[in-house]
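> Just need the structure, nothing else, for what follows:
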Amino acid sequence: MASELYNTIDALSREKGIDPQIVVTAVEDAIVMATRKYYKTQENLRAELDKETGKINAYAEKAVVETPEQVEDPLLQITLEDARKADPSLEVGGELRIPKATEGILGRIAAQLAKQVIFQKVREAERDTVYNDYIGRVSEVGKCDGEASRSPDVIFDIGKAAARMPRKEQSRLESFAIASVFAL
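This next block holds a predicted model:
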């Protein structure tokens, strides 16, 4: 059974017409940014959403190298000897995951940052979806409703998006009536 968070993500992605994995990735990226800001670190951070529990785990990844002389950046690399203290099965070239606590410590500012990142990624995904839906329809003649007239341009409602037709693309022989609908 999926968690409440994942069900919310699934509903949002269906509503916006985007892949749920894009929203999951946005949530994970937001947690990484908030965690990086909280810990004030340049470590290679990653986050994963557990679909079943809804828990988001953040961790730092370090590449395993053989000797201390090969460690160029201690934030990104760790020696095999030190890595095996945490996980005896690690080999050279592997990755050591060091958990970072996030529950209850990230706070309001981190939550706002996460919210901004999620909204930005969702907007980008929506934009890409609309673009991909209509890119193959360039120069196609179709039927749509006039939405507004911002002289000299006319704005049309074409379904998921609005289209602008500048004056230079309009015929001088046509006039566009903008429909007004009032609900009582």
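
> contacts, neighbours, all on C-alpha from now
Noted.

> Looking at the host helix or strand of K85 now, give me its mean pLDDT.
When elements are defined using DSSP states H and E, K85 is found to belong to helix 80-86. Summarised as a single mean, pLDDT over helix 80-86 is 85.

> can you check stretch 174-184 too?
Averaged over stretch 174-184, pLDDT sits at 57.

> what do you get for stretch 116-128?
Here the average pLDDT along stretch 116-128 is 84.

> and that stretch, how far out from the chain's middle?
Put simply, stretch 116-128 sits 6 Å off its chain's centre (CA atoms, centre = their mean, to the nearest Å).

> quick one: contacts of the helix holding K85?
Around helix 80-86, the neighbours that count as contacts under CA atoms under 8 Å, 6 or more residues apart in numbering are 64-67, 90-92, 96.

> Tell me which two of those sit farthest apart.
Farthest apart among the contacts of helix 80-86 by CA to CA are T67 and L96. That separation is 15.3 Å.

> For the longest strand along the chain, enumerate the helices and strands it packs against.
Longest among the strand segments of the chain by residue count, using DSSP state E, is strand 56-65. Applying 3 or more CA pairs under 8 Å, 6 or more residues apart in numbering; DSSP states H and E, one finds that strand 56-65 contacts helix 20-39, strand 44-49, strand 77-79, helix 80-86, strand 95-100.

> Compute the mean per-residue pLDDT across it, please.
If you average the per-residue pLDDT over strand 56-65, you get 88.

> That one: which residues count as buried?
The neighbour-count check on strand 56-65 (16 or more other CA atoms under 10 Å) flags 57-65 as buried.

> Out of these, which is nearest to R167?
Using CA to CA, A58 is the member of those that sits closest to R167, with 52.6 Å.

> mind checking how far the closest one is from T129?
Distance, A58 to T129, using CA to CA, to the nearest Å: 29 Å.

> F156: neighbour count?
F156: 19 surrounding residues under other CA atoms under 10 Å.

> For A163, which non-adjacent residue is closest in space?
Of all residues not flanking A163 in the chain, F156 sits nearest, at 5.1 Å (CA to CA, 6 or more residues apart in numbering).

> The one you found falls within a strand, correct?
Yes. Looking at F156 with DSSP: H, G, I helix; E, B strand; the rest coil, it is inside a strand.

> then whichever strand or helix holds D10 to CSV, C-alphas only?
Using DSSP H and E, D10 maps to helix 4-16. Listed next in CSV are the C-alpha coordinates belonging to helix 4-16 (Å, rounded to 0.1, in the frame of the first residue of the first chain):
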residue,chain,number,x,y,z
GLU,A,4,-0.5,9.2,2.0
LEU,A,5,2.3,11.4,0.6
TYR,A,6,2.7,9.2,-2.5
ASN,A,7,-1.1,9.2,-3.0
THR,A,8,-1.0,13.0,-2.9
ILE,A,9,1.9,13.1,-5.4
ASP,A,10,0.0,10.7,-7.7
ALA,A,11,-3.2,12.9,-7.5
LEU,A,12,-1.2,16.0,-8.3
SER,A,13,0.5,14.4,-11.2
ARG,A,14,-2.8,13.2,-12.7
GLU,A,15,-4.3,16.7,-12.2
LYS,A,16,-1.4,18.4,-13.9
